[in-house]
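Enquirer: heads up, no residue letters with this:
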């Protein structure tokens, strides 16, 4: 597929794939704001995300065929340490692929929910904001410049606050949630920029690659360590690392369904990518302060997230909140994988990132379908839906099983990899905690599934009513992907392994 | 097929019919719901004093079983199994012990049927005419939130 | 046989048929499928080439052997498939797509797990048995069945997860996934696998999922359940842990303790669940002894047990189906209305009690004789105790309380014909397997010919099996035990059947564990705010000072939506990371 | 007699506003050679209109500069900026490569010159449009939620 696309693509698309991936949505976002009709805006958003998706595939192909495994692009042909560099290797090629794939599916899927949840005169603006967010996330993933990363992070975050606040049409609590998110997100971003300031003070450069080459002789430098701490906490907050996750449950619960679905599968992933980029490529995992941060901060926090947030999910009654807390727990798995500090651990974390995007995407899509047809998200509202909306709920069940980690699903594969990586380090007790957390997942997803399939409908008037076909198709694509990649995991696992190798700066994927 | 005459065929037919009738009779319970076959097979258990008879017959059988041992010594791998009457006595003791232990254990471990708070009736799909099915509450779905 | 069929795993045939029958709405077609699929699978198995990898796959650089038949798994899967046919017949009266589908899928997964040639494949189907079987319990659609099913699923998944963890560990240390037997239990991976098998085999204290769940399944469900899971575990133990000495003691304990529970238990299907435990104990013990003859005994006893235990379950299922209950305290005198069922139940009871000429006599004795030969005196006594105990709860209590005893006055129809047919076939098999070889290869020799160590089995058959002293000692044990029953009844020393539930180790998680969770939840709910309050009290002064210094209006302090706690967390975390970084370098 | 208390303000504002706008354009075009440019100019233009709104009322300002226009202005500004980047791409250069705008050899500076100018105009439009949109959004806001609903 990638080869075919690369052969078909014109030469300019190959050379300029990196900036086009970000700039096409960014250019079209204001155009969308001018559109008179929401439907046209939607169509254009679909096309735009589709184009970005193609560019992401092309970039992946370029990275895989490149002899050094890196595609570098100098914006405005300014030489590298001065100008902004877009730098793509296997790690961010993978992230770009996730963001654009989910973005495309989510946009296709979104129209019915947007019609139901957003005022008519705001739909075009809504899609405009979405494209800005989409472009920002891609920008974070693609840039090779630490300050530029901050800019894109803020572009995506600010548009996200807007998107979350637009949920006010359905639930007024979206407004405080968005405000809360704004405050927290700004703290995170400020921490990050302070950290960059420290690094700039020590190294005198903002280009990530350049920082990385200059750091080894500065490893004992206080401002480097301070910068490390600020960046770790700032990006950790953006990535919803426990206990800095408290903006997430509300933001995910009250925003429009489409936004929830898109953000849950991409936003924290991109922030986590940035964190990984800093932890592994810019700082090295063999720096003393990083080793201690791994073992004394990231790993305990990851484990705590897995367990505590799973517990919290168990006691929720709103399905979206269950899934939101579960997201924090899943981020915990990824952080755990990262904190092992080995290639195997990192690739397990990245692999879980991929799979989590698939399963959470599918789960929130199904929930969005229910919100659309039945206007409710509590477990009680889900009762008996297995009978009235079998297609939606079967997909939901598949993704839920994947979230639990049942064999033959993607979720199982990633937990398996995580287990292998932990065993490598002899940390079988951590494996036990992973297992325990999966056990909790059985409980919280089991509660929903039980209601869906075994309880009589709470409201007997609910007729057989599926989500529209426009929503079912992306939903089922993701659900089937969960099964397909649960059986043949080679493709995503290969991507994750390449990405982990690239993060370490090892060209092991050749 | 080997019989050419009509007569023979009639006979066969009548035989089959008769057989079918008797089978049917054997399988049709009486007014009181008693299966005729049970009269044939287990009628003897209703005889008066059957308990006594069984008891004495078994006592005699046991005595015979034990006494045979004195005439036929065994060569088992485990020495103690060679003593006369070992298997019989061990069986008797074990059986009695298991049963007698039922008294204290029953007091210790038996709880009310609804101890775990979820006692419910027979499973889905039993015979709709089952007499005990309506005695307990009808199958119902669990409600959300408890247990 | 065409090559495509040669590599077609019989288990997969059942799995596909099971999935298909979920969607077949026409009852007749589904009935045909539920019978034909196991028969076809039987043919495939019987004609399969042994000792070669018939189907392989490659997963992430590991070679998986999906289908491999040898003498040990042949006999297990043979029994599983015959049982699948019987279960199909037994279920014909019900029109239930989910039940039919789940039963076929479950049987298929068990067969496929048995025929797996590596640990990973074994694990996958191991999990599938757990997931598919839970529907047989859920299908009862009662409240207690629902919760039991959830507990069952939890335990089964736990077993799967442990198995997986063990496999991962073993893969690291051993480098392959072969089904070579383990010798050293001290390796944590091996220990994980051992415990995973132990859960499925219902080792003591890990056993209670069985008695919890099986009696709450549907009529057909508990018959199907009684066949597969535990025997699959026995197979797995025989494959991976033959001669593991711990198993002897575990097995002997397993045979003994269920006896006491079964005596006082009121629910007759639960009595049979204890009886499963007890019979599996004999097999586990045999695996522990590990000599060729003992392993023969394990395989043979598992084979026989599948049919006589199935038969007993079927008869209790028939009673439940017709009367709506299997509580001993409510039953009695049913022989008046269900004579056929009574006869079959008695045959099953005599088989399980190992009366000569019935199947357990020719299978269990191999295990006991090997235990005696190896010189385990205490174990031998325990097993003899268990034999008497089996006679008590399965041999006498089941038929006596259901069909004889005090007449409850219940008058029902005889069991449906399809049930009688299934019971008849099972009863016929139970007798056939126990018969002496009047002509070579007849009766028990048919079974002995299939055993993994054929020579040893034949030797045992010729010299010991139907020897005078063997038959005599067996009769002594049985007759005196029966006499004990009559005597105890006569002097009213036999405990009466009372309604109620009997506590077992499931109490720890159903009451104690649940209570702990509730308690912990309450404590957490109360301690969480209390801790936050304490935290804020400690930081309060500093916070007030900062507030006074920087925010005269205290806008942030009051500021409703701003989540102060998280801002503080962020700062605290930053402090920790900073401190750590500085300490790590200097 | 006219009892308008704000007559002085109005007169002064009417005189000041054109000056402010001219100053904005000075800043805008000076940005070509030194510090300052589109962003500051955009803010200053927005300030001029905000001043107008303060003196003559928001409705009057909205009649003069409609909200739809400000919104479009912001959008168009961004598009102008990004458009330069795409223009450079179409001319075969890198994204935002001014040198490539007119296919010039190194040493020539027309591309640099015009490129930066167009970019700054984009920024001017974007910033002033966005500022005014935000101002209108706050100034024209009617309470959607009654106080007791909070």
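Expert: Nice, I can see it. This one's a predicted model, so the numbers in the text were calculated from it and none came from an experiment. Residues are numbered from 1 along each chain as shown, chains lettered A, B, ... in the order given.
Enquirer: now do stretch A:20-33: everything it contacts.
Expert: Stretch A:20-33 has contacts (CB atoms under 8 Å, 6 or more residues apart in numbering or on different chains) with A:13, A:41, A:44-45, A:48-49, A:51-52, A:55-56, A:59, A:86, A:96, A:100, A:124-125, A:127-129, A:131-132, A:134-135, A:138-139, A:142, A:152, D:71, D:74-79, D:82-83, D:85-86, D:89, D:95. (Each C-beta comes from the backbone N, C-alpha and C, glycine too.)
Enquirer: against which helices or strands is the longest helix seen in chain D packed?
Expert: In chain D, ranked by residue count with DSSP state H as the criterion, the top helix is helix D:110-139. Under the contact definition 3 or more CB pairs under 8 Å, 6 or more residues apart in numbering or on different chains; DSSP states H and E, helix D:110-139 sits against helix D:7-30, helix D:38-56, helix D:58-64, helix D:67-90.
Enquirer: what residues sit buried inside the last one?
Expert: Meaning helix D:67-90. For helix D:67-90, the neighbour count (16 or more other CB atoms under 10 Å in any protein chain shown) marks D:70-89 as buried.
Enquirer: how about the third one?
Expert: With burial defined by 16+ other CB under 10 Å, the residues of helix D:58-64 counted as buried are D:61-62.
Enquirer: just the mean pLDDT for that helix, thanks.
Expert: For helix D:58-64, mean pLDDT is 87.
Enquirer: over to the first one?
Expert: When pLDDT is averaged along helix D:7-30, the result is 88.
Enquirer: now do the same for the closest residue to chain D within the stretch 401-510 of chain A: its pLDDT.
Expert: Of all residues in the stretch 401-510 of chain A, residue A:502 sits closest to chain D, at 23.4 Å by CB to the nearest CB. Predicted confidence (pLDDT) at residue A:502: the value is 84.
Enquirer: intersect the buried residues of helix D:67-90 with the contacts of chain A.
Expert: Residues of the buried residues of helix D:67-90 in contact with chain A (CB under 8 Å from any CB of the partner chain): D:71-72, D:74-79, D:82-83, D:85-86, D:88-89.
Enquirer: just checking, what packs against the helix or strand that residue A:45 is a member of?
Expert: Assessed by DSSP states H and E, residue A:45 sits inside helix A:38-65. Counting contacts by 3+ CB pairs under 8 Å, 6+ apart, helix A:38-65 is packed against helix A:2-8, helix A:11-15, helix A:17-33, strand A:70-74, strand A:85-89, helix A:90-117, helix A:123-142.
Enquirer: and the helices in chain B, which stretches?
Expert: Using DSSP H, helices in chain B cover B:6-26, B:36-42, B:50-71, B:86-109.
Enquirer: weakest of those helices by average pLDDT?
Expert: Between the helices of chain B, the model is least confident about helix B:6-26 (mean pLDDT), which shows a mean of 72.
Enquirer: poorly predicted segments of chain D, please.
Expert: Within chain D, the segments meeting pLDDT under 70 span D:1-4, D:31-36, D:141-150.
Enquirer: could you find the closest non-adjacent residue to the most centrally placed residue in chain D?
Expert: Compute the mean C-alpha point of chain D, and by CA atoms, centre = their mean the closest residue is residue D:128, 2.5 Å away. Spatially, and ignoring its direct neighbours in sequence, residue D:128 is nearest to residue D:42 (4.0 Å; CB to CB, 6 or more residues apart in numbering or on different chains).
Enquirer: which residues does that neighbour contact?
Expert: Applying CB under 8 Å, 6+ apart to residue D:42 gives the contacts D:24, D:77, D:123-129, D:131.
Enquirer: then residue C:390?
Expert: Listed by CB under 8 Å, 6+ apart, the contact partners of residue C:390 are C:259, C:275, C:278-279, C:352-354.
Enquirer: burial count for residue C:463?
Expert: Residue C:463 has 9 neighbours, counted by other CB atoms under 10 Å in any protein chain shown.
Enquirer: before we move on, what about residue A:205?
Expert: Quick note: residue A:205 (other CB under 10 Å) scores 19 neighbours.
Enquirer: which helix or strand contains it?
Expert: Using DSSP H and E, residue A:205 falls outside every helix and strand.
Enquirer: verify the contact between it and residue A:214 for me.
Expert: Yes - using CB atoms under 8 Å, residue A:205 is in contact with residue A:214, at 6.6 Å.
Enquirer: tally up the residues packed near residue C:466, please.
Expert: Based on other CB under 10 Å, the number of other residues close to residue C:466 is 17.
Enquirer: same deal with the one 3 residues further on?
Expert: Residue neighbour count, defined by other CB under 10 Å, stands at 15 for residue C:469.
Enquirer: ok, residue A:43 next?
Expert: Look at residue A:43: counted by other CB under 10 Å, it has 15 neighbours.
Enquirer: do you know how far it is from chain B?
Expert: To chain B, residue A:43 is 41 Å away according to CB to the nearest CB, to the nearest Å.
Enquirer: can you check residue A:191 too?
Expert: For residue A:191, the distance to chain B - CB to the nearest CB - is 41 Å.
Enquirer: now, the contacts of residue C:390 that are in helices?
Expert: Per DSSP H, the contacts of residue C:390 map to helices at C:259, C:275, C:278-279, C:352.
Enquirer: just to revisit the earlier point, dump the helices and strands packed on helix D:110-139 into JSON lines; add distance to residue C:408 as well.
Expert: Below are the helices and strands packed on helix D:110-139 laid out as JSON lines (distance: least, CB to CB, whole Å):
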{"stretch": "helix D:7-30", "distance to residue C:408": "101"}
{"stretch": "helix D:38-56", "distance to residue C:408": "93"}
{"stretch": "helix D:58-64", "distance to residue C:408": "90"}
{"stretch": "helix D:67-90", "distance to residue C:408": "84"}
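Enquirer: and of those, who's closest to residue C:346?
Expert: Relative to residue C:346, the nearest member of these by CB to CB is helix D:67-90, separated by 88.6 Å.
Enquirer: from the contact counts, what lies against the closest one?
Expert: Applying 3+ CB pairs under 8 Å, 6+ apart, one finds that helix D:67-90 makes contact with helix A:17-33, helix D:110-139.
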